[in-house]
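> got a predicted structure here, sequence first:
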Amino acid sequence: MTKRILIIDDEQDLREIVQMALEDFTNWQTETAGSGQEGLQKAMTTAFDAILLDVSMPDVSGLQVFETLQGHAQTQRVPVIFLTARVRTRDLTHLDQLGTVGVITKPFNPTTIAHQVAKILDWSLS
Amino acid sequence: MGKPTILCVDDEMLVLSSLRDFLNQILGDDYVVEIAASGEEALEVISDLAQSQSELPLIITDQLMPGLKGDELLAKIHQNYPKTLKVMLTGQATPEAVGNAVNTANLYRYIAKPWSDALLMGVVQDALKNYFQDKALNEINIILEQINSELEQKIANRTADLQYQLALEQLVATISTEFINLSYSEVDAGVQAALKRLGEFAQADHCALFQTTDDKTTFICSHAWSAPGAALPNLSIHDFPGLSQQLQQFETLHVPCTQAWLADTQVPDTITLQSFLCVPIGFQKSLFGCLSLATVQQPREWSKDLIKTLRTIGEIIAETIHGRNIEAALRESEERFHRAFDNAPIGMALLDLEGQFLQVNQALCTITGYSEAQILTCSFQDLVHPDHSPLNSSDLQQLLSGPNYTCQMEQQWMNWQGYPVWILLSISLIKDQTGQPLSFVCQIQDISERRMIDRMKDEFISVVSHELRTPLTAICGSLGLLQSGKYDENSPKFRHLLNIALNNSDRLVHLVEDILSLERLESGKVQLMAEPCNVQELITQAVEAIQPIAQQSAITLSVQSVSAVVWVSANAIVQTLTNLLSNAIKFSPEGSTVWISAELKKPDRPGPLPPSSAVAPPDVLFTIADQGRGIPVDKLELIFERFQQVDASDSRQKGGTGLGLAICKSIVEQHNGQIWAESQGSQGSKFYFTLPLAEPAP
């Protein structure tokens, strides 16, 4: 069954690159959101198999989005992978402690990011 | 000297010979019996006796004789021989004559003629016995008187000795007492007074104290006294050959008369002493120095007692000076410690073992805001912030039992206003000589600023890292996809990815440039070279630079400026104006107007950023106004911080780096100006900054 993934990032270029890296290298389908608010709206209204969530966003940050998702029954089981440019050990440790399934740091390799996601979520890429 | 003689005088030869025979008979050979037929002859016999120094114990004379009468003869003899016993032997003597003889010649007996032999013998024997008893008594008296005289002399000598001893003891006692009462600073004057007292007592012209240096071989005169009128000889122990070595052997040099000695010892001619005494001073089993006495007028011999006293006084002086030196060293050490403690640039404190402050310095008062008196009423725990676990007694105990007696930690304290202060605390245990804990010494360094800078640096690096990684991720991502061979070179996706890579490369370049520019500005590595600049010219330069961008967006630039001179770095101010104009154009709708103006006035604006009254009026006030989307009130201050854009997507959409306004703020503030923004919702924004007018030329 085709996986549906929501990409939430305020940087349009990065949204597009991630989208292409996932869609053009797998049979997954993606949707994008340019802000935390938009991402929450889409997550509440559409069922996704996973969410790639940027941590640093203005207004509603990735952490706030994650907390909100965890607080709602229909979204709390959706696995969230954080995308972050904050790569200090203490930042990553903090993200791990939140209960996320995984973290992918920026910059990432676009040709292997799908493999990273599949590995984190224990999905098959065939 | 011959035998004792008995003289018999009578004008009748018969009587005389009878008398002589009788006396020879009763006296034997022990006496010579001389006779004289008249008083005059008797005097001649006596004269002969005097020449032969013969003794005359007894004279027996008749009274009535031609010429000199008996009593007259006895009176004459009595003048030279008062001890000789005189007996009158007569038949016709008047009571007057007898009385006269008794009065003038101390007549011993009167015997009437004719005499009885028994009476005469008794008188003569008694007289001789009395005479020799008297004589013996006299001799004993003389001996006794001699003995008495000698004893008196001895007593007088001994008394003088004792008085001298007493005076010496009093001298020592007086000097001792004076030294006991001396304060630390009076020791030199006290030693000087003691030398004067000593010199006067010893009747010397000069009295000096020499102290040895640490190696005990060099003597230096530390104190000297000279009698009034006596020229002060500039004495050096080392002018006297061998004296230094002699003193090191604790031997005294005593030269009562220096005349021959000075010649023998090759002492320099300049030393004109008559007598010299130099006594070594021992203290704590080593040589302290020496005391010297000298006369320049006449030779003098000093007694052993005085020399002994000199040693005693020398030891008293040595002990006093030694005590003074120890006290001086202690005081100096203490003062050094106090100066170091009081003037230390970091907080210093002494705590008792319970953590109570015993002593604090000014720096600690500055850190805490409390006065010294206030801190001294506190315990250490009182200053620790309630949110911070204090250094409790168990920590202190650990310090007490630990091997290092010292520890260092960062703590949060609370100043007098209740604000937190971060301090670096170094605490050490002080022990006494027996190893018993005495107190704690603390060094307290205010690290609030350092911690704030560390935190800001940390945050800045984190933000910069994030801001650099974002375009880098886009570049890497797009290039990675392009390289994958998945996309046809002519496909729209390929071109789009290429554009993403290029745009983000530009963004990265600008970002790096802005970061470096801001870093150089704020670290002071770029010195803004101020020069007199006309405000109109600055605005013109900025407008000319930005005009092409304005034309692209069909933005009209409205310029209005006073002609005034400011003392600024032209390039930096043009960069500021260009940044602000560029922002205004970016956020303005097409066809709208951007205004730029400069006027002379004191800024007058409401809001949270009123210009400080300390800014000297008038300033030149620059205003850049647009008709864009405006700025939320809560971001009006924030936008001047690094990477604090109103909308994060602006950096991509509007091409900004998030550092432009931070750079503007840094430039304006380095020109002693102020920068701020105003906005009323969607009616656009106004950016203001001020620059002080150039000082008129003197």
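Happy to help now that I have it.

> going forward, measure contacts between C-alpha atoms and count neighbours the same way
Noted.

> ok, which stretches of chain A are strands?
For chain A, the strands defined by DSSP state E cover A:4-8, A:29-33, A:50-54, A:80-84, A:102-105.

> now these as JSON lines including mean pLDDT, distance to chain B and mean neighbour count?
JSON lines is the format used below for the strands of chain A (pLDDT from 0 to 100; distance: least, CA to the nearest CA, whole Å; neighbours: other CA atoms under 10 Å in any protein chain shown):
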{"stretch": "strand A:4-8", "mean pLDDT": "96", "distance to chain B": "13", "mean neighbour count": "24"}
{"stretch": "strand A:29-33", "mean pLDDT": "96", "distance to chain B": "13", "mean neighbour count": "19"}
{"stretch": "strand A:50-54", "mean pLDDT": "95", "distance to chain B": "11", "mean neighbour count": "25"}
{"stretch": "strand A:80-84", "mean pLDDT": "93", "distance to chain B": "8", "mean neighbour count": "24"}
{"stretch": "strand A:102-105", "mean pLDDT": "91", "distance to chain B": "9", "mean neighbour count": "19"}
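
> B:Leu89 should be in a strand, yeah?
Yes - assessed with DSSP: H, G, I helix; E, B strand; the rest coil, B:Leu89 lies in a strand.

> per-residue pLDDT, it?
Per-residue confidence (pLDDT) for B:Leu89: 91.

> tell me how far it lies from B:Ala37.
14 Å (CA to CA, to the nearest Å).

> tell me which residue of chain B lies closest to chain A.
Here chain B gets closest to chain A at one residue, B:Thr473, 4.1 Å apart by CA to the nearest CA.

> can you verify my assumption that that residue contacts A:Thr105?
No - when contacts are counted by CA atoms under 8 Å, B:Thr473 is not listed as touching A:Thr105 (9.5 Å).

> so what's the residue nearest the centre of chain A up against?
Centroid-nearest residue in chain A: A:Leu52, 0.6 Å away (criterion: CA atoms, centre = their mean). When contacts are counted by CA atoms under 8 Å, 6 or more residues apart in numbering or on different chains, A:Leu52 is found next to A:Ile5, A:Leu6, A:Ile7, A:Ile8, A:Val80, A:Ile81, A:Phe82, A:Leu83.

> mind redoing it with 6 Å?
A:Ile7, A:Ile81, A:Phe82 (CA atoms under 6 Å, 6 or more residues apart in numbering or on different chains).

> which is the next helix or strand following the lowest-mean-pLDDT helix or strand in chain B?
Ranking every helix and strand in chain B by mean pLDDT, DSSP states H and E puts helix B:650-653 at the bottom, with a mean of 52. Per DSSP states H and E, the first helix or strand lying C-terminal to helix B:650-653 is helix B:660-670.

> quick one: contacts of that following helix?
B:Leu518, B:Thr576, B:Phe640, B:Glu641, B:Arg642.

> which phi and psi values does the fourth one adopt?
B:Glu641 has phi and psi values of phi -90, psi 170 when expressed as degrees, to the nearest 10.

> find the nearest non-adjacent residue to it, please.
Distance criterion CA to CA, 6 or more residues apart in numbering or on different chains; nearest residue to B:Glu641, sequence neighbours excluded, is B:Ala662 at 5.4 Å.

> assumed B:Cys533 was part of a strand.
Yes - counting by three-state DSSP, B:Cys533 is part of a strand.

> which ones are touching residue 2?
Here I'm looking at chain A. Here A:Thr2 is in contact with A:Trp28 (CA under 6 Å, 6+ apart).

> if you could check chain B rather than the one you did, that'd help
Applying CA under 6 Å, 6+ apart, the residues near B:Gly2 are B:Ser54.

> shouldn't it be within a helix?
No - with three-state DSSP as the criterion, B:Gly2 is located in coil rather than a helix.

> that one and B:Asp29, how far apart?
For B:Gly2, the distance to B:Asp29 - CA to CA - is 12 Å.

> repeat that for B:Met456.
Taking CA to CA, one finds B:Met456 at 147 Å from B:Asp29.

> report how many residues lie close to B:Gln670.
By other CA atoms under 10 Å in any protein chain shown, the residues close to B:Gln670 number 16.

> coming back round to it: tabulate the contacts of helix B:660-670 in JSON lines, adding columns for neighbour count.
Below are the contacts of helix B:660-670 laid out as JSON lines (neighbours: other CA atoms under 10 Å in any protein chain shown):
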{"residue": "B:Leu518", "neighbour count": "22"}
{"residue": "B:Thr576", "neighbour count": "22"}
{"residue": "B:Phe640", "neighbour count": "22"}
{"residue": "B:Glu641", "neighbour count": "16"}
{"residue": "B:Arg642", "neighbour count": "19"}
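
> save those as TSV, and put in pLDDT too.
Shown next, in TSV, are the contacts of helix B:660-670 (pLDDT from 0 to 100):
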residue	pLDDT
B:Leu518	83
B:Thr576	93
B:Phe640	88
B:Glu641	85
B:Arg642	79
